[in-house]
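Student: This is the structure alone, sequence omitted:
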């Protein structure tokens with residue numbers, strides 16, 4: 001039997017309990033304004049969730065990552081659980097003065113250091129360019145991430161950052177935007193079950 005995988009992102013402090021699952025994936029932005037208190041609250045929420053494995057990447061609003069001790073935190077690295085290989089990266093193209101951001105040139109260099117095969121699930125905080133990345137009429141995804149995913153061809157690519165839940169597939173990779181808030185920061189969407 002395949003493990004049950006539930007994914008979400010961008011709670012920004014509005015955490016709600018999830019259903020029981022084997023693997024819980026959180027794709028960044030547990031904080032609204034980064035800080036120790038928000039991270040401790042998120043860590044306590046994670047501890048209560050009914051999942052055998054909890055896999056987390058931070059987002060651009062998240063800073064106190066060292067306080068997360070109830071989950072597996074991935075920052076440009078991977079892990080295998082339940083026979084599934086998962087790789088995670090929090091970095092997005094830079095804007096304003098947030099955390100985990102790089103210039104377009106540094107994003108491109110970073111993806112060249114990542115694995116190019118053998119990944120079942122890729123978790124990034126932000127979307128690839130042109131895929132579920134429409135923010136108020138503007139495409140906010142990363143072109144280098146798009147190129148990387150097309151080369152890697154994971155079974156699933158999970159991300160958030162753009163507050164607009166959605167799903168699409170190119171026949172090789174299933175893309176999931178798992179944000180649970182809308183673009184006005186209201187809790188609108190349910191967590192997503194990932195089917196491999």
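Tutor: Received, thanks. All figures in this text were calculated on a predicted structure; none of them were measured in a lab.
Student: now the helices for this protein?
Tutor: 36-48, 104-111, 143-152 (DSSP state H).
Student: Name the nearest residue to the residue nearest the centre of the chain, ignoring sequence neighbours.
Tutor: Central residue of the chain (CA atoms, centre = their mean): residue 27, 2.2 Å from the mean position. Closest residue to residue 27 apart from its sequence neighbours, by CB to CB, 6 or more residues apart in numbering: residue 9 at 3.6 Å. C-beta coordinates here come from the backbone N, C-alpha and C atoms, glycine included.
Student: Residue 123 now?
Tutor: Excluding the flanking residues, the one nearest residue 123 by CB to CB, 6+ apart is residue 88, at 4.0 Å.
Student: Relative to residue 83, how far out is the residue nearest to residue 27?
Tutor: Remark: distance between residue 9 and residue 83 (CB to CB, to the nearest Å) = 24 Å.
Student: More neighbours: these two, which one.
Tutor: Set side by side, residue 9 and residue 83 show more neighbours around residue 9, with 32 against 8, by other CB atoms under 10 Å.
Student: so the more buried one sits right up against residue 59, yeah?
Tutor: Yes - between residue 9 and residue 59 a contact is recorded at 6.9 Å, counting by CB atoms under 8 Å.
Student: Now the common contact residues for the two.
Tutor: Common neighbours of residue 9 and residue 59, using CB atoms under 8 Å, 6 or more residues apart in numbering, are 27-29, 125, 160-161.
Student: quick check, nearest of those residues to residue 49?
Tutor: Among the shared contacts of residue 9 and residue 59, residue 27 lies closest to residue 49 (CB to CB), at 14.7 Å.
Student: On the pLDDT front, check the residue nearest to residue 6 when sequence neighbours are not counted for me.
Tutor: Among residues not flanking residue 6 along the chain, residue 21 sits closest, at 4.3 Å (CB to CB, 6+ apart). Note on residue 21: pLDDT of 98.
Student: For residue 21, grab the count of nearby residues.
Tutor: For residue 21, the neighbour count with other CB under 10 Å is 21.
Student: mind checking how far it is from residue 55?
Tutor: 11 Å.
Student: Can you pull out the low-pLDDT segments for the chain?
Tutor: For the chain, no stretch has pLDDT under 70.
Student: Start and end of stretch 76-91, how far apart?
Tutor: 9 Å (CA to CA, to the nearest Å).
Student: buried ones in it?
Tutor: For stretch 76-91, burial by neighbour count (16 or more other CB atoms under 10 Å) applies to 78, 81, 84-91.
Student: Please list the residues outside it that contact it.
Tutor: Applying CB under 8 Å, 6+ apart, the contact partners of stretch 76-91 are 3, 5, 22-23, 25, 28, 52-53, 55, 57-60, 62, 72, 74-75, 99-102, 107, 110, 113-115, 118-126, 154, 196.
Student: if we go to 6 Å?
Tutor: For stretch 76-91, the external contacting residues (CB atoms under 6 Å, 6 or more residues apart in numbering) are 3, 22, 28, 53, 55, 57-58, 72, 74-75, 100, 102, 118-125.
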